[in-house]
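**Student:** coordinates only, sequence not included:
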Ligand code: ZN
């Protein structure tokens with residue numbers, strides 16, 4: 001009896017060992033949920049994806065831990081957004097000593113949007129520095145999302161040629177799905193009269209959405225969630241809301257809602273739905289995938305704008 005059990009255990013162990021050797025998934029570390037989800041969709045069961053900045057979390061203010069450095073060190077492939085979105089990633093990659101290939105998902109997007117950043121320096125002479133920086137939130141246009149998929153697929157193929165056909169096939173299916181989602185998004189926005197297509201949200205995360213789908217986004221905070229709006233900027237937004245032109249106020253899933261709540265109180269407007277800006281939701285939330293995020297955001301935006 002005892003020896004039979006031992007034999008079964010041995011056979012089981014042997015089988016587990018074989019399975020692992022045959023299909024050890026490629027270790028992928030993604031900087032945040034958007035590229036993490038696209039990597040999962042393109043990689044399927046050929047990859048094991050770990051995401052550093054998790055669901056509903058803010059990559060702008062992320063503080064990496066030694067565990068994150070360890071994950072990078074053990075990774076076969078690292079996927080980042082680029083365009084300066086993850087201000088902390090280059091130093092983290094360097095300090096981790098990783099040899100993994102780094103895929104920059106936003107490489108080769110059709111148009112990189114620029115933003116004027118206003119920096120105020122207090123001193124004897126109060127002066128302003130304006131400099132132009134890249135808007136990193138490129139994933140908020142589905143055409144750019146398709147470029148992300150292309151880059152991620154190419155990176156996975158390069159790292160794991162054995163499963164190239166799988167990656168290519170999944171990427172092609174996802175690309176068709178995204179092309180259809182892009183057309184759907186345009187059609188949905190067109191159901192809102194042109195003069196009503198404006199909303200207010202927390203920070204400037206929707207520049208690419210605005211450009212692609214012709215919606216005006218106003219935001220008290222700049223490209224970074226850490227920026228603080230000036231009293232003058234807030235006053236201008238309250239005026240905009242009171243004029244009745246823009247009454248659709250949105251909060252974001254991963255940033256502080258206080259400024260939007262303050263605007264609502266001062267203007268008498270109602271805070272509308274939550275938008276998924278820089279992070280997806282968890283599995284049981286409203287936006288667990290890139291496509292779900294668009295379907296959810298577009299529906300919320302259209303409903304909000306119709307109230308303008
Ligand atoms: Zn952002």
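**Tutor:** That came through, no problem. Just so we're clear, the structure is a prediction, and the values are computed from it rather than from any experiment. Residues are numbered from 1 along each chain as shown.
**Student:** for stretch 172-182, what is the average pLDDT?
**Tutor:** The pLDDT scores in stretch 172-182 average 98.
**Student:** who's in contact with that stretch?
**Tutor:** 38, 41-42, 142-143, 145-146, 149-150, 212, 291, 294-295 (C-beta atoms under 8 Å, 6 or more residues apart in numbering). C-beta coordinates here come from the backbone N, C-alpha and C atoms, glycine included.
**Student:** what does the stretch 151-300 of the chain put close to the ion?
**Tutor:** Contact residues, the stretch 151-300 of the chain versus the ion (C-beta under 5 Å from the ion): 205, 278.
**Student:** can you pull out the helices in the stretch 151-300 of the chain?
**Tutor:** Along the stretch 151-300 of the chain, counting by DSSP state H, counting those that start in this stretch, helices occupy 164-189, 207-213, 231-242, 258-267, 290-306.
**Student:** figure out which of those is closest to residue 111.
**Tutor:** Judged by C-beta to C-beta, the one of the helices of the stretch 151-300 of the chain that comes nearest to residue 111 is helix 207-213, at 7.5 Å.
**Student:** what is the strand or helix carrying residue 38 packed up against?
**Tutor:** Residue 38 is part of helix 33-43, with elements assigned from DSSP states H and E. If contacts are counted by 3 or more C-beta pairs under 8 Å, 6 or more residues apart in numbering; DSSP states H and E, helix 33-43 sits against strand 26-32, strand 47-53, strand 77-80, helix 142-159, helix 164-189, helix 290-306.
**Student:** quick check: angle from the fifth one to helix 290-306?
**Tutor:** With axes from the mean of the first three to the mean of the last three C-alpha atoms, to 10 degrees applied, the angle from helix 164-189 to helix 290-306 works out at 10 degrees.
**Student:** looking at residue 232 now. What's its pLDDT?
**Tutor:** So residue 232 comes in at 89 (pLDDT).
**Student:** quick check: the closest residue to residue 74 other than its chain neighbours vs residue 137, distance?
**Tutor:** Distance criterion C-beta to C-beta, 6 or more residues apart in numbering; nearest residue to residue 74, sequence neighbours excluded, is residue 27 at 6.1 Å. Between residue 27 and residue 137 the distance is 27 Å, computed by C-beta to C-beta, to the nearest Å.
**Student:** beta-bridge partners for the residue nearest to residue 74, please?
**Tutor:** residue 48 (DSSP bridges).
**Student:** how many neighbours does residue 114 have?
**Tutor:** Using other C-beta atoms under 10 Å, residue 114 has 12 neighbouring residues.
**Student:** next: residue 231.
**Tutor:** 7.
**Student:** and residue 103, helix, strand or coil?
**Tutor:** Three-state assignment for residue 103 (DSSP: H, G, I helix; E, B strand; the rest coil): strand.
**Student:** check the residue lying closest to it once chain neighbours are set aside and give its pLDDT.
**Tutor:** Sequence neighbours aside, residue 155 is the residue nearest to residue 103 in space, at 3.5 Å (criterion: C-beta to C-beta, 6+ apart). For residue 155, the model assigns a pLDDT of 98.
**Student:** what do you get for residue 116?
**Tutor:** Listed pLDDT for residue 116 reads 74.
**Student:** again, but for residue 268
**Tutor:** Per-residue confidence (pLDDT) for residue 268: 87.
**Student:** please apply the same query to the one 5 residues further on.
**Tutor:** Taken from the predicted model, the pLDDT recorded for residue 273 is 88.
**Student:** so who does the residue nearest to it when sequence neighbours are not counted touch?
**Tutor:** Distance criterion C-beta to C-beta, 6+ apart; nearest residue to residue 273, sequence neighbours excluded, is residue 300 at 4.0 Å. Taking C-beta under 8 Å, 6+ apart, we find residue 300 in contact with 250, 272, 273, 274, 275.
**Student:** just give me the neighbour total for the closest residue to residue 33 other than its chain neighbours.
**Tutor:** Leaving aside its chain neighbours, residue 33 sits nearest to residue 280 (4.1 Å; criterion: C-beta to C-beta, 6+ apart). Applying other C-beta under 10 Å, we find 27 other residues in the vicinity of residue 280.
**Student:** again with the one 5 residues further on
**Tutor:** For residue 285, the neighbour count with other C-beta under 10 Å is 16.
**Student:** quickly note the distance from the closest residue to it other than its chain neighbours to residue 114.
**Tutor:** Spatial nearest neighbour of residue 285, chain neighbours left out: residue 55 (7.0 Å); criterion: C-beta to C-beta, 6+ apart. According to C-beta to C-beta, residue 55 and residue 114 sit 29 Å apart.
**Student:** name the element the residue nearest to residue 285 belongs to?
**Tutor:** Here residue 55 is covered by no helix or strand, with elements defined by DSSP H and E.
**Student:** picking up where we left off before, the residue nearest to residue 74 contacts residue 75, correct?
**Tutor:** Yes. Using C-beta atoms under 8 Å, residue 27 is in contact with residue 75, at 5.1 Å.
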